[in-house]
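Visitor: after the sequence you'll find the predicted model.
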Amino acid sequence: MLKNSLKKIVKKAGIKKISDSALDELCKTIERKAKEIVEIAKERAKKEKRRTITAQDIRYAKAIKGK
């Protein structure tokens, strides 16, 4: 499913063709970054004694990963 979504994004960016290996690499990179962000968000929610990750937790995690 992610690959199909990425193909649409790539086409909207004006790229006519993308190799399967480039698409696979892009997919892996996005999945890895998403896992890192979710892990940080999970730890923040846990620290605040919550079981639900909020949008604020995700924003916090993105800010931390950006540093």
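Guide: Perfect, I can see it now.
Visitor: quick one: furthest residue from the center of this protein?
Guide: Within the chain, Lys49 marks the point farthest from the mean C-alpha position, 24.2 Å out by CA atoms, centre = their mean.
Visitor: give me the pLDDT for that one.
Guide: pLDDT recorded at Lys49 is 97.
Visitor: residues near Val10, how many?
Guide: 16 (other CB atoms under 10 Å). The way it works is simple: take the backbone N, C-alpha and C, and place the C-beta from them, glycine included.
Visitor: ok, and the closest non-adjacent residue to it?
Guide: Ile18 (5.2 Å; CB to CB, 6 or more residues apart in numbering).
Visitor: and that neighbour, how many neighbours?
Guide: 14.
Visitor: so what's it up against?
Guide: 7, 10, 26 (CB atoms under 8 Å, 6 or more residues apart in numbering).
Visitor: ok, now with 10 Å
Guide: By CB atoms under 10 Å, 6 or more residues apart in numbering, the contact list for Ile18 reads 6-7, 10-11, 26.
Visitor: closest to Ala63 out of these?
Guide: The closest of the contacts of Ile18 to Ala63 turns out to be Leu26 (CB to CB; 23.1 Å).
Visitor: hang on, isn't that closest one packed against Ile15?
Guide: No - between Leu26 and Ile15 there is no contact under CB atoms under 10 Å: 11.0 Å.
Visitor: what touches both of the two?
Guide: Listed as contacting both Leu26 and Ile15 by CB under 10 Å, 6+ apart are 7, 9.
Visitor: counting neighbours, go ahead and name the busier of these two.
Guide: Comparing Leu26 with Ile15 by other CB under 10 Å, the one with more neighbours is Leu26, at 17 against 11.
Visitor: mind listing what's buried in the strand or helix carrying the more buried one?
Guide: Leu26 is part of helix 20-47, with elements assigned from DSSP states H and E. Neighbour-count burial for helix 20-47 flags 23, 26, 37, 40-41, 44-45 (criterion: 16 or more other CB atoms under 10 Å).
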